[in-house]
Each structure stands twice: as C-alpha cells, then as structure tokens.
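A.B. asks: need a 3D model of the following:
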Amino acid sequence: MKKRFLAAALSMSILMTSGCGAGASASTEAENGTTKAETEAATETETEAASEGQSEGGELVDGKFTETRHITVEVYNRENDGGTDPTDNMYTDYIKQGMLDTYNVEVEFVSVPRWTEVDELNNLLAAGTAPDICLTYDYPTILAYADMGGILDIGDMVEENKDILPNLWNWLGDENINYDKDPNTGVLYAIEGKRANIRRINTFVRKDWLDKLGLKEPTTEQEFEEMLIAFRDNAELLLGEDASHMVPFSISYDVGWRAANLIESYLDPKESDKEFYINGFDDRKFTENGTKEAIRVLNKWYNEDLIWKDFALYGSGDTTEEDMIKAGYVGAFIHGWDYPYQTGAAVTVTLQGIVGEEANYVAVDCFKNSEGKYAKYSYSTAGDRKIFFPVTNDEPLASLLYLDWISDPEHIEYLQLGEEGHTYEKLENGAVAVIAAEAPYIQNSGQNIDMTITCNGLKLENEELTLKSIANNYAGVDEDIVYIAMEKCLNDSIIPKAVNVGTIESEAGLGNMLSQKRDVVFDTAIIASEEDFDKVWDDGMADYMASGGQAIHDERKEKWEATYGTADMLP
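C.D. replies: Okay, here's the model as predicted:
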C-alpha cells in the first residue's frame with residue numbers, strides 16, 4: 001500500500017513540475033492529497049526499517065532472510081546482434097541462484113535501453129515502476145527526482161549495515177560509496193560504481209593505409225591533418241571502386257566524446273582546479289576555455305571534405321557510422337580506448353573479413369597541448385555508473401545485499417570471464433584470453449559490465465595478470481596492438497580531482513536537456529561555413545548558458561568558495 005501511495009505522490013509531483021527539478025509547491029501538494037512532509041516521513045520509515053535489518057516482514061537470521069524477499073534490478077539492453085536476452089541468460093541465472101542461496105532473495109531483471117536510458121528512467125520513475133536497483137550515468141536525473149522525494153537517502157543504511165556489506169566496502173571503499181554524499185546535509189542518493197580500468201579514449205588510424213601511402217604515424221595535429229588530406233586525395237588508390245565512400249576522419253553527433261583528444265589538447269594546462277570545476281558540469285568540456293578553438297579546427301576540416309559529411313544526421317544507437325568503419329571506408333576516428341578491438345563491436349574482425357588481414361586500426365598520439373604534452377583526461381576510479389534506489393523500493397536492505405554479492409571478487413571474476421572453454425582459455429603465462437562464445441555463453445557487454453554494475457573493467461587476482469589478460473581479451477586481435485592502445489591512452493593522461501561541495505541545486509533535471517543543446521551547438525558549428533562559425537558558436541553558447549548553464553556556473557562558483565574559501569587549487 002505504501003509503495004503505491006509513494007508512487008502516486010511522486011508521479012503527481014512530477015507532472016505538476018516543469019521537469020527542471022524544482023520541488024512541488026505547497027498548493028500542488030495539497031491538491032495531490034499528500035504533502036512533502038508525508039512523503040519524507042514515509043521515506044524515513046523505510047530507511048529506519050532497513051537500518052535495523054528489517055524489511056517489512058522479513059528479517060535476517062545468520063545473514064539470511066527468514067522469508068523470501070523479491071527485488072528488481074535494472075540491466076541495460078544494448079540490442080546486440082546475436083546477443084542474449086539481457087534479463088534471462090546464464091549470467092542472470094548465476095546471480096539469481098546465488099542471491100537465493102545466500103540471502104533467500106529472488107532477483108528479477110528489468111531491461112532498460114542503453115542508448116535512451118535517461119528517457120526510459122524518467123518514464124519509469126514518473127510512473128512509480130522503476131526497478132528497486134537503478135543505475136544511470138546521469139546524476140542530474142537522480143537529483144531531479146530526489147528533489148521531489150523520489151529517491152531514497154541510503155547514507156545511514158550503508159554505514160549502519162557495514163558489517164554485513166564487506167565486499168561492497170572492500171571493493172568500493174569510502175571514496176566511491178560516499179563520493180556523492182552531501183558534505184553539508186550528509187544525504188547520499190547514489191553510490192558510484194568503480195572503474196577497475198581508468199583508460200578512457202584513443203585516436204585510431206588505418207595502419208594499412210599509412211603503409212600503402214608510405215606515411216609514418218602522425219605525432220602532431222599538423223601531421224594528422226596532412227594524413228587526412230592524403231587519405232582524401234588518394235581515395236581511388238585506397239578504396240578502388242568504392243572511392244566515393246571515402247571518409248578520412250569520422251565523428252558522430254556526440255562531438256564532445258568523438259573529438260575529445262583534439263578538444264583537450266586546446267585546454268589551458270594552467271587552468272585552476274576552481275575554474276575547471278566551475279566549467280565541469282558538462283563532461284564534454286563544452287564550456288571550458290579552448291574548446292571553441294578546437295571546434296574551429298573541425299569546422300575547417302569539415303569544409304575541406306576531411307570529415308564525414310553526414311555525421312550529425314545519425315543519433316544515439318544508430319549503426320551507420322560503425323558499418324562504414326567495418327566496411328573499410330574510414331581512415332581515422334577518436335573513440336573509447338579499445339573500441340576497434342571489442343568483441344561486441346567486432347570492428348577489427350569484420351574489417352579484416354571484408355578487406356583482408358592487413359587491415360587494422362592502431363592507436364596514435366598526435367594532439368599536443370601548449371606545453372607539448374599529449375594531454376588527455378582519463379577516468380578516476382569514481383564517476384562511473386551511479387547506483388540508486390527509488391523511493392518505491394520496499395527492499396532496501398535486500399538491495400544492498402545484492403550490491404555486496406556482486407562485489408565479491410569471486411563473483412566478479414566469474415561474471416567477467418564466464419566458463420573456461422566456452423568464453424575464455426587460460427594461457428601459459430597465467431593470463432586469460434577471450435574466445436568467441438556461442439549461446440548461452442554470450443556476454444552482451446565487454447567484460448559483462450552490465451552484470452557487474454559495481455565494477456567497470458577487468459579485475460583479476462593481481463595487476464600483472466589483469467594487464468596481460470586485457471591484452472589477450474579481444475578475440476581475433478593481435479595482443480601487441482592492444483598493448484599499444486593501453487599505453488597511448490595513459491600517456492600524459494590527467495586524472496580529474498574529486499570535488500565535493502554538496503548538491504548543486506541548479507543542475508537538477510537539466511542534464512539531458514543541456515546535453516542535447518550542447519550537441520546541437522557542436523554539430524551546427526562544425527557544419528557551418530567558416531565565415532559563419534563564430535556567430536553559430538556564440539549564439540549557441542549564449543542559448544545554452546541562458547537555459548541553465550549560467551545558473552550552474554554561478555552556483556558551482558558559490559559552493560566552491562563556501563567549501564574551499566579563496567583556494568584556487570586542490571591538494
């Protein structure tokens with residue numbers, strides 16, 4: 001009954017707001033038949049029950065519920081060709097049986113489309129039907145619903161149940177568990193999954209094309225541009241009758257990600273931590289000083305036919321660009337550090353099947369900043385998926401025990417590797433190598449990260465074996481090429497410093513909308529004529545700032561100064 005009441009109250013609260021994260025007014029609450037105080041009181045009751053080891057009729061005896069509990073867990077649906085049902089496969093069965101045997105908890109998985117996860121989560125949260133355990137990369141979405149009383153504060157729960165959550169605490173530690181805790185109120189709406197691998201992004205070029213044209217791998221922006229020109233001007237030599245399909249350099253609508261190495265080379269290396277944080281709401285470096293000049297370079301290249309002309313036409317989840325890369329039409333691109341080698345993407349395997357074994361992409365470093373360094377941002381161990389419980393979660397303790405179970409090193413390793421002989425083989429040096437899997441052993445995501453939501457990246461018994469295994473973890477790909485990619489993406493890399501100044505209220509509910517505006521500005525500025533570039537960029541930036549960007553900047557500045565005083569740099 002309480003679950004239905006809270007869901008209805010939340011849904012009405014959401015409908016009566018503009019979707020920008022503002023709380024419902026007193027009159028709105030009265031019309032809905034509930035008040036913010038009532039909603040908060042109900043939430044507090046659930047929190048107290050969980051902290052006492054209770055869960056509405058079920059209690060733990062020797063670490064196990066006396067009555068069977070039931071929880072629902074979000075899992076991404078990547079719609080992979082030849083993949084398995086993300087809610088029903090051998091890995092979900094492994095988790096379900098393990099949770100039932102260990103805690104007497106039934107687990108049901110709920111599929112959420114990976115590429116539209118924010119929109120789908122909004123719909124589920126508004127309807128009061130979100131899974132008990134949710135995850136998203138978009139923290140402002142969490143804040144928007146937390147502001148309306150729709151997210152559980154799990155701060156006390158994770159602390160008071162620490163003794164029964166040893167795997168969760170050992171793996172995530174205080175930094176990831178309390179990364180999002182408000183330093184002023186102590187409220188904790190989400191915990192951060194941990195990146196076992198902080199490698200982020202690389203620049204890739206067709207090595208066989210370089211060899212065919214007698215070119216060396218580019219080491220500077222100028223050499224990279226000259227390479228693109230050579231690809232364009234030698235389309236017939238490189239592609240024969242498919243010369244009209246030539247794409248020297250490919251990017252997607254998500255320019256901030258797909259041109260990150262170029263953009264980050266234009267940032268001021270002497271920028272203060274304070275300024276970087278103030279501009280850091282957008283993870284694509286949109287409002288950082290220097291980004292505009294990087295995009296000006298892309299505008300120039302676009303107008304010189306060096307960039308895929310249709311890049312802005314295809315949105316999230318579309319495979320048009322990936323199909324071009326696999327077909328052998330693309331000379332260079334920037335993407336996730338191991339993208340061409342991933343089994344799920346199957347770029348290298350497909351490319352070589354179409355073009356020949358000599359066809360391959362190799363990682364290069366070619367974008368230097370003003371200090372002559374290949375500056376690029378890697379990930380911190382935090383800042384991965386944010387795991388949270390909606391207020392409709394009637395089983396917060398069982399949900400925390402789920403997070404502990406999947407954080408067990410033994411369970412992580414099994415979920416990542418699968419079954420020997422079916423998904424991997426052991427090598428003489430102790431490393432493991434992935435082998436092509438068939439149903440039911442297929443994993444829908446690299447290293448099964450959709451199952452190991454507290455762990456992103458391969459995690460074995462020691463670092464040396466992990467590195468060796470990563471290099472051997474790409475079916476049909478030469479391990480030496482992977483080692484090059486591993487090295488390049490961390491060369492001169494920068495790990496962002498953790499800043500915690502409490503909740504930035506102005507960010508709530510704006511993440512998705514501002515990201516869409518940002519992408520439009522990036523895209524339209526690139527395809528504009530060189531004469532119109534400044535106007536298109538400046539007008540787009542002005543609209544972005546007026547739509548909430550400026551308020552976020554101002555509040556970040558205010559909260560920084562309230563927390564760190566006059567300091568511009570962090571230790």
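A.B. asks: how close does the residue nearest the centre of the chain sit to Gly383?
C.D. replies: With distances taken as Cα atoms, centre = their mean, Tyr137 lies nearest the centre of the chain, 5.1 Å away. Going from Tyr137 to Gly383 by Cβ to Cβ, to the nearest Å gives 9 Å. Every C-beta, even on glycine, is put in place using the N, C-alpha and C of the backbone.
A.B. asks: repeat for Thr319
C.D. replies: 28 Å.
A.B. asks: ok, those two, which is more surrounded?
C.D. replies: Gly383 (20 against 11; other Cβ atoms under 10 Å).
A.B. asks: picking up where we left off before, residues in contact with the residue nearest to the centre of the chain?
C.D. replies: 117, 384-386 (Cβ atoms under 8 Å, 6 or more residues apart in numbering).
A.B. asks: can you check His245 too?
C.D. replies: Per Cβ under 8 Å, 6+ apart, neighbours of His245: 239, 324, 327, 329.
A.B. asks: surely the second one touches Gly331?
C.D. replies: Looking back up the chat, that one is Met324. No - the pair Met324 / Gly331 is not scored as a contact, 10.8 Å apart, by Cβ atoms under 8 Å.
A.B. asks: looking at those two, which is more packed in?
C.D. replies: Neighbour totals were compared for Met324 and Gly331, and Gly331 leads with 27 against 17 (other Cβ under 10 Å).
A.B. asks: from Tyr564, how far out is the more buried one?
C.D. replies: 45 Å.
A.B. asks: coming back round to it: what do Met324 and Gly331 both touch?
C.D. replies: Joint contacts of Met324 and Gly331 (Cβ under 8 Å, 6+ apart) are Val247.
A.B. asks: was I right about Leu267 contacting Lys292?
C.D. replies: No - with contacts counted by Cβ under 8 Å, Leu267 stays clear of Lys292, the gap being 11.2 Å.
A.B. asks: low-confidence ranges in this protein?
C.D. replies: Scanning the chain for pLDDT under 70 picks out the ranges 1-58, 344.
A.B. asks: unless I'm mixing things up, Tyr314 is touching Met324, no?
C.D. replies: No - counting by Cβ under 8 Å, Tyr314 does not reach Met324; the two are 10.4 Å apart.
A.B. asks: who has more neighbours out of Leu267 and Lys292?
C.D. replies: Using other Cβ under 10 Å as the criterion, Leu267 and Lys292 rank with Leu267 on top: 22 against 19.
A.B. asks: next up, phi/psi of that one, please.
C.D. replies: phi -80, psi 150 (degrees, to the nearest 10).
A.B. asks: so how far is Asn429 from it?
C.D. replies: Counting by Cβ to Cβ, the gap from Leu267 to Asn429 is 40 Å.
A.B. asks: can you pull the buried residues of the host helix or strand of Thr141?
C.D. replies: Assigned by DSSP states H and E, Thr141 falls within helix 139-146. The neighbour-count check on helix 139-146 (16 or more other Cβ atoms under 10 Å) flags 139-146 as buried.
A.B. asks: quick check: closest non-adjacent residue to Phe388.
C.D. replies: Leaving out its chain neighbours, the residue that sits closest to Phe388 by Cβ to Cβ, 6 or more residues apart in numbering is Ala190, at 4.1 Å.
A.B. asks: tally up the residues packed near the one you found, please.
C.D. replies: Neighbours of Ala190 (other Cβ under 10 Å): 24.
A.B. asks: go on, Ser445?
C.D. replies: Ser445: 20 neighbours (other Cβ under 10 Å).
A.B. asks: buried set for stretch 283-292?
C.D. replies: Buried-residue list, stretch 283-292, by 16+ other Cβ under 10 Å: 284-288, 290-292.
A.B. asks: and stretch 266-285, by the same measure?
C.D. replies: Using 16+ other Cβ under 10 Å as the test for burial, stretch 266-285 gives 266-267, 273-282, 284-285.
A.B. asks: just the endpoints, please. Distance across stretch 101-115?
C.D. replies: Length of stretch 101-115, first residue to last, Cα to Cα, to the nearest Å: 34 Å.
A.B. asks: and it, what's buried?
C.D. replies: Under 16+ other Cβ under 10 Å, the buried positions of stretch 101-115 are 102-105, 107, 109-112, 114.
A.B. asks: all the helices of the stretch 201-350 of the chain, in order from the start?
C.D. replies: For the stretch 201-350 of the chain, helices defined by DSSP state H, counting those that start in this stretch occupy the ranges 207-213, 221-233, 235-239, 255-258, 260-265, 273-278, 291-303, 320-327, 347-355.
A.B. asks: okay, those in TSV with distance to Thr454 next?
C.D. replies: TSV is the format used below for those (distance: least, Cβ to Cβ, whole Å):
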stretch	distance to Thr454
helix 207-213	37
helix 221-233	38
helix 235-239	45
helix 255-258	24
helix 260-265	26
helix 273-278	26
helix 291-303	33
helix 320-327	29
helix 347-355	28
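A.B. asks: looking at those helices, which is closest to Val520?
C.D. replies: helix 255-258 (10.2 Å; Cβ to Cβ).
A.B. asks: ok, residues contacting the closest one?
C.D. replies: So helix 255-258 is in contact with 201, 250-252, 263, 282-286, 295, 298, 333-335, 518-519, 522-523, 526, going by Cβ under 8 Å, 6+ apart.
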